[in-house]
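# Fold the following, please.
(2 chains)
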Amino acid sequence: MLLTGCAATPLGYLEGSGSRSATILQSLGWGFTAISCVVVIVIAGLIGVGIWRGRVRAAAEASDVGREAGGVKAIYWGVGLSIPVLIGMAVWTFLSVQALAVPSSSPTLAVSIIGHRWWWEIRYQSPLYPADIVTTANELVIPTGVPVRVDLGSADVIHDFWVPKLGPKMDMVPGRTNHTWLQADREGTYRGQCAEFCGLQHGHMGFVVHALSPKAFDVWVTRQRQPALVAGPSPAALSLFEVKCAACHTVRGTTAAGIYGPDLTHVGGRTTLAAAMTPNTPDNLNRWLGDTQGVKPGAEMPQIDLSRVQRGQLVNWLETLK
Amino acid sequence: MSTTLDRPADWKAPQDAGPVDGAPLASVIPAEAERRLAEAWEDSPGLRGWFGTVDHKKIGIRYIITAFVFLTIGGVEALVMRLQLAQPNNNLLNPEQYNQLFSMHGVTMIFLYALPILSGFSNYLWPLMLGSRDMAYPRLNALSFWLYVVSGIFLYVSFPLGAAPNDGWFNYVPNGSAEYDPGPNIDVYCLGMIFLGISTAVGSANFVVTLLRMRAPGMSLNRVPIIIWGTLTASAANLLAIPAVSLACLMLWFDRNFGTHFYDIGGGGQPLLWQHLFWMFGHPWVYAVVLPAMGMVSDGLPVHCRRPLVGYTLVAMATVTTMVVGFGVWLHHMFATGLPSLALSFFSAASFVIAIPSAISVFAWIATIWTGRARLTVPFLFFTSVILLFVIGGVSGVMTASLALDWQLTDTYFIVAHLHYVLIGINLFAVVGAVYHWFPKMTGRMMNERLGYWVFGLMFGGFNVAFLPMHLLGLEGMPRRVYTYGADMGFGTTNLVVTVGAITFAGGIGLFFLSILLARLSGRPAGPNPWDGPSLEWSIPSPPPAYNFAVIPLIASRHPLWEDRLLAEDQPHSRLAEGYLLDEGKETLGVTPLDAEPDVILKMPGDSILPVLLSVSLLPLFGGMLLLKPWFAAAGAAAAFAILIAWFWPHPVLQREEQARMYV
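Numbering: from 1, shown residues only, chains lettered A, B, ... in the order given. Modelled structure (predicted):
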């Protein structure tokens, strides 16, 4: 199974919360759902009993209009009982808003995430060396137990950053930087999804969040800082990449430095392809390269003209970029 | 034409609508007078009369039929989408087709069905309920209808060409900007919205003036049926809200075609400006498409419960309050845009507050059932189901009013479920109930009850099977507006259930249309008042004659037809069989706005093909703007201008009489 937790619904926010924020929202969700169900059942009961009473009256008396009095009291009672419930729900809401507003400690790690049609650019800034930026795509890796500051932007249209099991969603609006924060309390892989309609492949604009232990995260970041190990098995594949792919993609350590598509320096180490659409397997990568527009119609990546042999070489090489 | 003009000077205000001294009251209507009224009010024969009619009843029925045509189109679009979503990774539709379908589904249902159907009913019912012979501006009324038809065609011509709007009914920028959506799709949306906005605006103005001026003497504001309050409130809101969206669309059209930068960050614009303008319009609009329908329930349900509505004043005031507060909640569509939490909290609180007037209506309806003697007629079932569906849509609305919880709920299927419970639950179920309730009045024939129970069962069952599970999909995180979803997301089974429900629901609506057709052809004759209703429309034959009321009645209470049962003998009663005859040409009575005292005899215009010509002339105007062909647009504008000159050309007879009336 690609996603850990074996959750039946990877995007469900009423179960499997991975953070304090998500837990606050989870209890709010369950609480409000329960109140709503009770209200609907009570009203349905009132309607049912009302009809039954009406039928009884109609049978007992002539079914005709009479000088009816009363009934207005029912409105006062109904509204009078509704108002405290509404006030209670509002207070619960605002307490939750307050609790979600600030993390328990001030974040030491900042990540910029930029929405693109239809993928996610993720940049880590080292607090010590501002110029030392690690860029990756579609898979956000964070350490557990500490808040991570997330700065959200967009390169084109409005997107929305949402990891339901970790906390609330937030739009990514071009021309603005929205701030939010994430904290995973448990290790695991969480599913994220663009939640604002952004065009053709809005539905397949997913991502994943890997929450690692702080130690494992440090190992991961250190590895990400390294350029790709390009001296590997196939120099032919490298030159093929530089000819066919470098206009859009970057692989640090090679001459490929395109900025239109995802940074592929460590693409082999990612678990998914095409914005979390399919698992990252050689077969899927091969299919993606062979029929890009068939796999993801409308994707910005054009169909690259490659022979089968070339495609195989490229796939093998890309999968080595761990 | 002799003495008409002297009369206003003799009029006195009716005290409690008693007979007016010196006024031309007629008690027994001579056949001769009815013949003269018919002559004055009936349309010209042939095509000219068909295209030129200004009869509010014909316009109302045409509105209803056209809106049902659009409901069918929008429904078919929905079914195709449901087939696509019935299983994961389905490829019945490609993403572009799906995006056009969901955009046109929204535009169709919200703009071309939900409001026009209510305008149709209000058009038909208002003068009949108010005791008048027509709307205040009959030609404007016809214009409103024809503009609706022509702008609907304008929006739909692009559909078979594959260039229909594809950015949702909300059309967020910059996804809808020329850079990311270079085709004509969004221009169709912008211009179509402006086009349709003219129709809604003139229709709304007509309703407001009609309420203020076109009532029977004695029908003061606290005696009008609730549907009148609903449509009045909605119309006033439309007049305030439509400019926002028309402006927003015009600015987007400029951005897309002439390089302005209202929404374009590259030129200092703001994408969020669109959202503010759109929702300043959009939220009041969603109340505009339910308040008149809630009025249908408030007026229809009590008839089948055999008692007056409980809490008339509270319900009327709640209607207005909903709208007023409704103008202060638009930011709740923008909770996730990153605006400051303090500002959002105010809007969250206002969104909680809006539940209170809704609760008033709900408890008024329940109390009406509780203290009445319910007859389980088909309209009763539909009107009562509205209460339950409204409550379900209401509590899910309260959930989304919660700022914090909405950060999870927004843009998921939970919202899709919520808005369909509100729009189908309060609008469509009320409308179908209203068709069953008022069809006998419109056609003189009853609809089949047994078939009606089947219609209700299929619609109510299918609707809930389709939309109740959508709440679950939303809580499970299924985002909106996705053309497909992965098999590992866990949405598959629920979506299949939803699709089955949607097909059942559509079957119910199909059966409903069939039963309309059957009733039209062979329904049992209805008589003037088959439900024993209390309001004025039931006091005249079914279908009503062209002039509605042979004499304009005098009204003394809220339930003129139930007065023998509701009022004591010594209380003043309404007079329905005697009143102002006004048979010297096409005329009706104008009253003072608040107390409905007779004020003026209004000369009403006859049939005219100017409204349909003006509407059609706007087609080349907007078509030229769409295709950026200035000469084409200029030709349309010139034609429209010429028609307007003809429209406003002084009418010699009317002018002479207006002056006489002013100076006596």
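
# how about the nearest residue to the closest residue to chain B within chain A, chain neighbours excluded?
As assessed by C-beta to the nearest C-beta, chain B sits closest to residue A:11 within chain A, at 2.6 Å. Bear in mind the C-beta positions are built from the backbone N, C-alpha and C, glycine included. Distances taken as C-beta to C-beta, 6 or more residues apart in numbering or on different chains put residue B:477 closest to residue A:11, at 2.6 Å, once the chain neighbours are dropped.

# ditto for residue A:204
Nearest to residue A:204 is residue A:277, by C-beta to C-beta, 6+ apart, at 4.8 Å.

# center of the chain - which residue?
In the absence of a named chain, this looks at chain A. With distances taken as C-alpha atoms, centre = their mean, residue A:192 lies nearest the centre of chain A, 2.1 Å away.

# wait, I meant chain B there
The centre of chain B sits closest to residue B:118, judged by C-alpha atoms, centre = their mean, with a distance of 2.6 Å.

# So that one is in contact with residue B:287, correct?
No. In this structure residue B:118 lies outside contact range of residue B:287 using C-beta atoms under 8 Å: 11.7 Å.

# Which stretches in the stretch 151-300 of chain A count as helices?
Ranges of helices in the stretch 151-300 of chain A, per DSSP state H, counting those that start in this stretch, are A:214-225, A:235-244, A:282-290, A:292-295.

# ranking these by mean pLDDT, which is last?
Lowest mean pLDDT within those: helix A:235-244, a mean of 90.

# mind listing what's buried in that one?
Within helix A:235-244, the residues that qualify as buried are A:237-238, A:240-241, A:244, counting by 16 or more other C-beta atoms under 10 Å in any protein chain shown.

# and the stretch 1-150 of chain B, which of its residues are near chain A?
B:94-96, B:99 (C-beta under 8 Å from any C-beta of the partner chain).

# remind me which residues of the stretch 101-250 of chain A are low pLDDT?
Where the stretch 101-250 of chain A drops to pLDDT under 70, the residues are A:127-130, A:230-233.

# Which helix in the chain has the most residues?
Since no chain was named, I'll use chain A. helix A:20-60 (DSSP state H).

# Please refer instead to chain B.
Longest helix in chain B, counting residues (DSSP H): helix B:226-258.

# Report the contact partners of residue 112.
Here I'm looking at chain A. A:122-123, A:125, A:150-153 (C-beta atoms under 8 Å, 6 or more residues apart in numbering or on different chains).

# Can you look at chain B instead?
Going by C-beta under 8 Å, 6+ apart, residue B:112 touches B:67, B:70, B:74, B:148, B:152, B:155, B:196.

# coming back round to it: and the longest helix of chain B, what does it pack against?
With contacts taken as 3 or more C-beta pairs under 8 Å, 6 or more residues apart in numbering or on different chains; DSSP states H and E, helix B:226-258 sits against helix B:115-130, helix B:185-213, helix B:271-288, helix B:291-305, helix B:312-326.

# how about these in CSV, adding mean pLDDT?
Shown next, in CSV, are the helices and strands packed on helix B:226-258 (pLDDT from 0 to 100):
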stretch, mean pLDDT
helix B:115-130, 97
helix B:185-213, 96
helix B:271-288, 95
helix B:291-305, 96
helix B:312-326, 96
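
# Of all the ones you listed, which one is nearest residue B:172?
With respect to residue B:172, and counting by C-beta to C-beta, the nearest of the helices and strands packed on helix B:226-258 is helix B:271-288 at 6.5 Å.

# does chain A sit close to that closest one?
Yes. Counting by C-beta under 8 Å from any C-beta, chain A has neighbours in helix B:271-288: B:271-272.
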